[in-house]
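>>> return a 3D structure for these sequence lines:
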Amino acid sequence: MTIARLFAAMLLMVSIFVGVSLNAQAQDIEDMPKRLRLGVVVAADEDARDRIEPFRFALEEIADLPVDLFLLDTMGDAVEALASGRVDYVRLSPSAYAATHQLCSCVEPLVTAGPDDFPARFYAILVSKRGETKKSIADLKGVRLAVGNKHAITGYRVPLANLAADGIDARSHFATLVEVQNPIEGLRALLDGRVQAALGWSTLSGEAKNGYTAGTLNDYYVSGERGFEDLEIVWRSPPIPYSAHSLRKDLPDSLKRRLRAGLMDLRREEPAAYLAIEPDLPGGFEPVVHADYRPLLRTYEKNNATLLGAASRP
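This is a model prediction of the structure:
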């Protein structure tokens, strides 16, 4: 009798589980869009529609849905189109993803692309002159810091917001924030004594002696200017994805999983389609989640609004 009751209970649990699964699948099918609307930022590229076609076609195969292509002039247009629901899928910059989320909280990232076989991330960095012992942020209190203009992502917004997350208010910690024309000019100002620290960016991949694979230090190393060996990184931001292939959050989860899985295989299976959408980042896709964009999301937090005002000019 006990065994019979146990068997009956197990059958009931299985039937409930199967029923829930079938209901979820039915709901997914019911919510599946009839078409997928792909937005692509093309600026002044007159051949964009033909260039993007291999990716659009591959996306159609992955999604098992017709894909309509919408050409957008600017990244700002892409943010508005995705936030307003005029498109379902857009390849955004990391800062544009953060801006879209700030507008509507209605998007989520699927994948990011990378430039090479190293992890598809880069960093904002703070650089100072090398001393007898390695410096810390605390050692730089009261010095002059070279920064970009208030719209610069890795030269201003990301480092200031993420230093704040580390408990460092850049406006009170440093004597002055000195605006420079670009990150290389910031390193020149550091080396000739006009400032004592400067902001830039780096992959932090590859060999440090060459300034890593790309970024401000690598650009300075390649330039052949004096003083490269006197530079050291004192602080780095959390890692930042290079791009954000983003989807409307209200689309079915089964479609999101299908798209992410198909995109992960795209460089290997359809390299022409991959390069059609990521010509400057040929390293392939990596999966991402919303939290990966925290370094950019912090720049839109209300408590950082005053902090991210304009810097002083030299």
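
>>> ok, which stretches of the chain are helices?
For the chain, the helices defined by DSSP state H occupy 2-31, 48-63, 75-84, 94-104, 158-165, 170-173, 183-191, 216-223, 253-264, 266-269, 271-277, 294-297.

>>> mean neighbour count for these - can I get that in JSON lines?
For glycine as for every other residue, the C-beta is placed from the backbone atoms N, C-alpha and C. Listed next are the helices of the chain as JSON lines, based on neighbours: other CB atoms under 10 Å:
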{"stretch": "helix 2-31", "mean neighbour count": "10"}
{"stretch": "helix 48-63", "mean neighbour count": "17"}
{"stretch": "helix 75-84", "mean neighbour count": "19"}
{"stretch": "helix 94-104", "mean neighbour count": "21"}
{"stretch": "helix 158-165", "mean neighbour count": "23"}
{"stretch": "helix 170-173", "mean neighbour count": "16"}
{"stretch": "helix 183-191", "mean neighbour count": "21"}
{"stretch": "helix 216-223", "mean neighbour count": "19"}
{"stretch": "helix 253-264", "mean neighbour count": "17"}
{"stretch": "helix 266-269", "mean neighbour count": "16"}
{"stretch": "helix 271-277", "mean neighbour count": "19"}
{"stretch": "helix 294-297", "mean neighbour count": "22"}
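
>>> I'd like to know which of those is closest to Gly131.
Across the helices of the chain, Gly131 has its closest neighbour in helix 183-191 (12.9 Å, CB to CB).

>>> got the angle between that closest one and helix 216-223?
For helix 183-191 against helix 216-223, the angle by axes from the mean of the first three to the mean of the last three CA atoms, to 10 degrees is 80 degrees.

>>> which residues sit against helix 183-191?
Contacts with helix 183-191, where a contact means CB atoms under 8 Å, 6 or more residues apart in numbering, come from 127-129, 146-148, 154-155, 178, 180, 195-201, 216, 219-220, 223, 225-227, 230-231, 314.

>>> rerun at 7 Å
127, 129, 146, 148, 155, 180, 195-200, 216, 219-220, 227, 230-231 (CB atoms under 7 Å, 6 or more residues apart in numbering).

>>> one more: stretch 217-236?
123, 125-130, 134-137, 140, 184, 187, 191, 197, 200, 202, 204, 210-212.

>>> averaged pLDDT, that stretch. What do you get?
Confidence over stretch 217-236, taken as the mean pLDDT, stands at 97.

>>> ok, now stretch 272-285?
Mean pLDDT, stretch 272-285: 97.

>>> start and end of it, how far apart?
End-to-end distance for stretch 272-285, by CA to CA, to the nearest Å: 14 Å.

>>> related to what we said a few turns ago, restricted to buried residues, select the contacts of stretch 217-236 in ChimeraX.
To isolate the buried ones among these in ChimeraX, judged by 16 or more other CB atoms under 10 Å, type:
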select :123,125,126,127,128,129,135,137,140,184,187,191,197,200,202,204,211,212
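
>>> mind checking which of the contacts of stretch 217-236 are in strands?
Using DSSP state E, Tyr123, Ile125, Leu126, Val127, Ser128, Lys129, Ala197, Gly200, Ser202 are the members of these that sit in strands.

>>> quickly list what the fourth one is bridged to.
Pointing back at Val127 there. Beta-bridge partners recorded for Val127 (DSSP bridges): Ala198, Ile233.

>>> return the residues in contact with it.
Shown in contact with Val127 (CB under 7 Å, 6+ apart): Leu187, Leu190, Ala197, Ala198, Gly200, Leu231, Glu232, Ile233, Val234.

>>> in stretch 111-121, what's buried?
Across stretch 111-121, burial judged by 16+ other CB under 10 Å covers Val111, Thr112, Ala113, Gly114, Pro115, Phe118, Ala120, Arg121.

>>> where's the dip in pLDDT among these?
Comparing pLDDT over the buried residues of stretch 111-121, the lowest score belongs to Phe118 (90).

>>> follow-up on the earlier one: in JSON lines: the ones in strands among the contacts of stretch 217-236, plus pLDDT and distance to Tyr242.
Below are the ones in strands among the contacts of stretch 217-236 laid out as JSON lines (pLDDT from 0 to 100; distance: CB to CB, whole Å):
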{"residue": "Tyr123", "pLDDT": "98", "distance to Tyr242": "12"}
{"residue": "Ile125", "pLDDT": "98", "distance to Tyr242": "16"}
{"residue": "Leu126", "pLDDT": "98", "distance to Tyr242": "21"}
{"residue": "Val127", "pLDDT": "98", "distance to Tyr242": "21"}
{"residue": "Ser128", "pLDDT": "98", "distance to Tyr242": "26"}
{"residue": "Lys129", "pLDDT": "97", "distance to Tyr242": "29"}
{"residue": "Ala197", "pLDDT": "98", "distance to Tyr242": "26"}
{"residue": "Gly200", "pLDDT": "98", "distance to Tyr242": "16"}
{"residue": "Ser202", "pLDDT": "98", "distance to Tyr242": "13"}
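
>>> closest to Val67 among the residues you listed?
Tyr123 (34.3 Å).

>>> relative to Asn162, how far out is the closest residue to the closest one other than its chain neighbours?
Counting by CB to CB, 6 or more residues apart in numbering, Tyr123 lies nearest to Arg236, which is 4.6 Å off, once chain neighbours are set aside. Separation of Arg236 from Asn162 (CB to CB, to the nearest Å) stands at 9 Å.
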